[in-house]
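In: when you get a sec, could you give me coordinates for this:
(one chain, ligands or ions: 1)
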Amino acid sequence: MLQTLQDYTNLIAGERAGAASGDWIESYNPYLGQPWARIPRCSDADVDRAVAAAQSALKSPDWKGMTPTERGKRMVRLADLISAKSAELGALETRDNGKLIAEMAAQTAYLAEWYRYYGGLCDKIEGRVLPMDKPSKFAFTRREPLGVVACITAWNSPLLLLGWKLAPALAAGNTVVIKPSEHASVSTLDFVSLFEDAGFPPGVVNTVTGYGHEAGAALAAHPGVAKVAFTGGDHTGQKIYEAAAPTLKHVGLELGGKSPNIIFADANLEAAVMGAVSGIFAATGQTCIAGSRLLVQRPVHDEVVGRLIDVAKAARMGDPSLTDTQVGPVTTRPQHQHILNMIEAGKAGGAECLLGGGVPDRTELGDGWFVEPTIFANVSNDMTIARQEVFGPVLSIIPFDDDDEALAIANDTIYGLAAGVWTKDMARAIHMSDELEAGTVWVNTYRAVSFMAPFGGYKRSGIGRESGQEAIDGFLQTKTVWIETEETTANPFIIR
Ligand code: TXE
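Out: Numbers count the residues shown, from 1 in each chain. Got it, this is the predicted structure:
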């Protein structure tokens, strides 16, 4: 039966707009494997309009002239509106990206806190009076917005990943053009309606939807954009870095990972096994912080593997819009194929597939893009399955003997986004957290995030930090103002 597709449009300069070309992209419901909505397929002309709108808003008295305290109040008002609408936004995300409603609703409920937190910081952005070494000079610093910020986001957690960029960018006084993923744009297009109600002037927040190589590339290279804040794959991150180079834009890159989750023999094994499950099977492994390499100390290796299989086998797979589903589909057809290819690479590379390993043979799952929770044992760290990001429910288990070996394996990766350590020995926990090359280390927990906690990658996992107070620095630039306080005329040929 043909379904009527619902059209969602962009927000540019406070007005709703389709693409200048009139073209659309179908957005799929991954559980049904069917299109359910359409989003505009934008290109250069739309990007030019959105950037121009953001540039004009940046200089408008309504935004530039708004006091930081007032800006903060509007962000808090926005947070309240998000809280009131969070269930609806979570349901939209589930429909569009296929991730569990339990997960998406929790994310959209928590999302408001980023806007509250950064709303509170708006009027705490302070310059300094410098204790001058040149007595007649008075000098102070001001911290000013960068300009127009492009927020380019991925499909796995559209609104949360956006909030990590948008909230500090606005708090710092920038204006924004958002390019959500072509695979899951709908929640963003719906969400931006809240800005008018919260009292933000038109043009402060704009959107352009479309393909990465069209709208995304045009935005990343646009001379009117001062910073690109991006979440996505590392190869795309590299392209964005290159596109930003000719005009020397600032960049913030939150990229992928191959995060080690390390279980020592002295750990609380029940908690550790649940931590391993949450690291890889929650969100169907579609999270940058997936604990995709599970390092297990040999004395407890078999017990951990046995417990993991029991939990993973029992996980309820199905409709992501039901609150008791534990494993949903993956978000895109290409991603589905990529995961299956990686599973084949694991088998071909000699890893032992103990669970799953393909598409579930269950008619009740219909045409949804499902992959079985898959566990590989006896993985060595040089196998493809241990080196490349899968972004799916595929766990590689690697045995180790002692702390040094665990560290050597854990750090032997091009990535460095996160790591987990499970032990009751706090000296060991501290030592491991000192030595692990990762932007986040979790001890006896996994996949915890907060608006207060800086988040970002070492090595090829990214540049810059999101969340926490320091994130706002990434959206500000410092101006130093010098004032001569004496009436003198200095020698122009020497430095003053
Ligand atoms: O992400 P992309 P995709 C990883 C994961 C996955 C892989 C590819 O391993 O398999 O990336 O996923 C836009 N200029 N992660 O293809 O391509 C694109 O339209 C400017 C990790 O979805 O990185 C989208 O809005 N923009 C990750 C955004 O970039 C471009 C989350 C992300 O797309 C562009 C998702 C270009 N040339 C995937 N090309 C994480 N870190 O959480 C694409 N885009």
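In: drop to CA atoms for contacts and neighbour counts, all remaining ones
Out: Will do.
In: and stretch 482-491, how far apart are its ends?
Out: Across stretch 482-491, the terminal residues are separated by 17 Å (Cα to Cα, to the nearest Å).
In: where do the domain boundaries of this structure fall?
Out: 6-255+457-480, 260-443 (automatic domain parsing).
In: make CSV out of those and add mean neighbour count and distance to E487.
Out: Listed next are these as CSV, based on neighbours: other Cα atoms under 10 Å; distance: least, Cα to Cα, whole Å:
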stretch, mean neighbour count, distance to E487
domain 6-255+457-480, 21, 9
domain 260-443, 20, 52
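In: can you list the residues of the stretch 151-300 of the chain near the ligand?
Out: 152-156, 179-182, 211-213, 216-217, 220, 231-233, 236, 239-240, 254-256, 287-288 (Cα under 6 Å from any ligand atom).
In: would you turn the domains of the chain into JSON lines with mean pLDDT?
Out: Below are the domains of the chain laid out as JSON lines (pLDDT from 0 to 100):
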{"stretch": "domain 6-255+457-480", "mean pLDDT": "97"}
{"stretch": "domain 260-443", "mean pLDDT": "96"}
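In: hang on, isn't L160 packed against A106?
Out: No. L160 lies out of contact with A106 (Cα atoms under 8 Å); the separation is 10.3 Å.
In: and the pLDDT for W482?
Out: pLDDT recorded at W482 is 98.
In: assign a three-state SS to it, would you?
Out: Recorded secondary structure, W482: strand (DSSP: H, G, I helix; E, B strand; the rest coil).
In: chain neighbours aside, what residue packs nearest to C288?
Out: For C288, ignoring the flanking residues on the chain, the nearest one in space by Cα to Cα, 6 or more residues apart in numbering is G256 at 5.0 Å.
In: which helix or which strand is home to the one you found?
Out: Using DSSP states H and E, G256 sits in no helix or strand.
In: so it makes contact with G232?
Out: Yes. G256 is in contact with G232 according to Cα under 8 Å; the separation is 6.8 Å.
In: quick one on the thing from earlier: among the residues of the stretch 151-300 of the chain next to the ligand, which lie within strands?
Out: I152, K179, T231, E254 (DSSP state E).
In: from those, which two are the most distant?
Out: Maximum pairwise distance among these (Cα to Cα): 15.0 Å, between K179 and E254.
In: residue contacts, the residue minimising distance to the centre of the chain?
Out: The centroid of the chain falls nearest to L161 when counting by Cα atoms, centre = their mean (3.9 Å). By Cα atoms under 8 Å, 6 or more residues apart in numbering, L161 lies in contact with T153, A154, T231.
In: which stretch of helix or strand covers it?
Out: Counting by DSSP H and E, L161 is found in helix 158-171.
In: and T175, what does it touch?
Out: A54, Q55, A57, L58, G147, V148, V149, A169, G203, V204, V205.
In: tell me which of those fall in strands.
Out: V148, V149, V205.
In: of these, which is the nearest to R293?
Out: V149 (34.6 Å).
In: hmm, that closest one is touching A226, no?
Out: Yes. With contacts counted by Cα under 8 Å, V149 reaches A226, the gap being 5.9 Å.
In: my guess is W36 meets N29, correct?
Out: Yes. Between W36 and N29 there is a contact under Cα under 8 Å: 6.2 Å.
In: leaving out chain neighbours, which residue sits closest to G252?
Out: Using Cα to Cα, 6+ apart, the nearest residue to G252 is A229, at 4.5 Å.
In: which strand or helix spans the one you found?
Out: Going by DSSP H and E, A229 is part of strand 227-231.
In: just checking, what packs against that strand?
Out: strand 148-152, helix 234-244, strand 250-254 (3 or more Cα pairs under 8 Å, 6 or more residues apart in numbering; DSSP states H and E).
In: now do that strand against helix 234-244, angle only.
Out: 170 degrees (axes from the mean of the first three to the mean of the last three Cα atoms, to 10 degrees).
In: which residues sit against strand 227-231?
Out: By Cα under 8 Å, 6+ apart, strand 227-231 touches 146-154, 161, 165, 220, 237, 240, 244, 249-255, 475.
In: and if we set it to 7 Å?
Out: With contact meaning Cα atoms under 7 Å, 6 or more residues apart in numbering, strand 227-231 is reached by 148-154, 165, 220, 249-255.
In: out of the ones in strands among the residues of the stretch 151-300 of the chain next to the ligand, which one sits closest to A427?
Out: Each of these was checked against A427 using Cα to Cα; the closest is E254, at 30.4 Å.
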